[in-house]
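Q: can't give you the sequence, but here's the structure:
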């Protein structure tokens, strides 16, 4: 699990779907949760990232 702040956004990277736990933690701390999205990558995207940046 990693968390990165980007302006007003929190970018959370994890290997499993933790949206319910993340939402609860944000709301419990008084945060305003507007939207959550899952971003995934196709195998081709991963291949291109690692083999064209060499």
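A: Nice, I can see it. Keep in mind that this is a model prediction, so the values were computed, not measured. Residues are numbered from 1 along each chain as shown.

Q: quick one: the strands in this structure?
A: 2-6, 9-13 (DSSP state E).

Q: so of these, which one's packed in deepest?
A: strand 9-13 (a mean of 11; mean count of other C-beta atoms under 10 Å). C-betas here are computed from N, CA, C, even on glycine.

Q: partners of it, with directions?
A: Paired neighbours of strand 9-13 in the sheet (DSSP bridges): strand 2-6 (antiparallel).

Q: contacts for the partner strand?
A: 10, 11, 12, 13, 14 (C-beta atoms under 8 Å, 6 or more residues apart in numbering).

Q: mind listing what the first one touches?
A: In other words, residue 10. Contacts of residue 10 (C-beta under 8 Å, 6+ apart): 3, 4, 26.

Q: tabulate the residues you listed (JSON lines), appending distance to residue 51 and pLDDT.
A: Converted to JSON lines, the contacts of residue 10 look like this (distance: C-beta to C-beta, whole Å; pLDDT from 0 to 100):
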{"residue": "3", "distance to residue 51": "28", "pLDDT": "93"}
{"residue": "4", "distance to residue 51": "25", "pLDDT": "94"}
{"residue": "26", "distance to residue 51": "37", "pLDDT": "93"}
